[in-house]
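>>> take this sequence and fold it.
(one chain, ligands or ions: 1)
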Amino acid sequence: MKVTESNLKGCFIIQPHIFKDERGSFFESFNQKVFEELIGQKINFVQDNQSQSSKGVLRGLHFQHREFAQAKLVRVIKGSVQDVVVDLRENSRTFGQHFSIELSEKNNTQLFIPRGFAHGFLALEDDTIFSYKCDNFYNNESESGIIYDDQTLSISWNDLGTSYKLSEKDIMLPKFEDLKL
Ligand SMILES: Cc1cn([C@H]2C[C@H](O)[C@@H](COP(=O)(O)OP(=O)(O)O[C@H]3O[C@H](C)C(=O)[C@H](O)[C@H]3O)O2)c(=O)[nH]c1=O
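Numbers count the residues shown, from 1 in each chain. Sure, this is the predicted structure:
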């Protein structure tokens, strides 16, 4: 397993070791002991989520407030996504900055997103299966987010030649400047 830190402190890119043979391939998608040693902190994931999206679906940017904040370990089982995280840690020197990476069934790359980040992704293929671990439970009342095309964040989402498909909730998310953290 290879781990590199992104430009946002505490956000790690993880490349698992893939064992290949004549039958196909195998890799440990999560090993708590190895993971904690590599990122240098204890983690206790309590909830696994999975979503399926057609090409052009954009989910996010989402986060849960304060004590309900979630660290996430995200990966793509089928298809591919442009994954984007935004640093919302108010004492962080990279507050408001984002990191974008392609996660896919081909590259098996995973992203560890610490608490205090907003997260979203754009599905780049039909029938993309996105799977992730959270270290805190879902809490609907504490949910918030930022509109995906916020001018301040200036995230350049991949141009798929079609309009993006967002939920009613996500279309109404606030601007970064109007966030109440
Ligand atoms: C997140 C979540 C949702 N739900 C229910 C609530 C809704 O009835 C339904 C769909 O939820 P939502 O539209 O918020 O799903 P996504 O747009 O994929 O949300 C996720 O999108 C981005 C990428 C994230 O990182 C978050 O984990 C999460 O906010 O599942 C649950 O029951 N439990 C949950 O943990």
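>>> helix, strand or coil for the residue minimising distance to the centre of the chain?
Centrality entry for the chain: nearest residue to the mean C-alpha point is residue 119, 4.9 Å, by Cα atoms, centre = their mean. Secondary structure state of residue 119, per DSSP: H, G, I helix; E, B strand; the rest coil, is strand.
>>> can you pull the contacts of it?
Listed by Cβ atoms under 8 Å, 6 or more residues apart in numbering, the contact set of residue 119 reads 60, 61, 62, 63, 72, 74, 83, 84, 85, 86, 113. For glycine as for every other residue, the C-beta is placed from the backbone atoms N, C-alpha and C.
>>> remind me, longest helix of the protein?
If you go by DSSP state H, the chain has its longest helix at helix 32-39.
>>> closest one of the contacts of residue 119 to residue 107?
Compare each of these with residue 107 using Cβ to Cβ and the shortest gap goes to residue 83, at 11.4 Å.
>>> what packs against the helix or strand hosting that closest one?
Per DSSP states H and E, residue 83 falls inside strand 80-87. Secondary-structure packing of strand 80-87 (3 or more Cβ pairs under 8 Å, 6 or more residues apart in numbering; DSSP states H and E): strand 58-64, strand 98-104, strand 110-113, strand 117-123, strand 128-134.
>>> so the fourth one, near the ligand or not?
Yes - using Cβ under 6 Å from any ligand atom, strand 117-123 reaches the ligand at 119, 120, 121.
>>> swap in the second one?
No - contact between strand 98-104 and the ligand, assessed by Cβ under 6 Å from any ligand atom, is absent, since the two come no nearer than 11.6 Å.
>>> tell me the mean pLDDT over that strand?
Averaging pLDDT along strand 98-104 yields 98.
>>> what pairs with that strand, parallel or antiparallel?
strand 80-87 (antiparallel) (DSSP bridges).
>>> who touches the strand it pairs with?
For strand 80-87, the surrounding residues in contact (Cβ under 8 Å, 6+ apart) are 8, 11, 53, 60-61, 74, 94-106, 111, 113, 116-125, 128, 130, 146, 153, 155, 157-158, 176.
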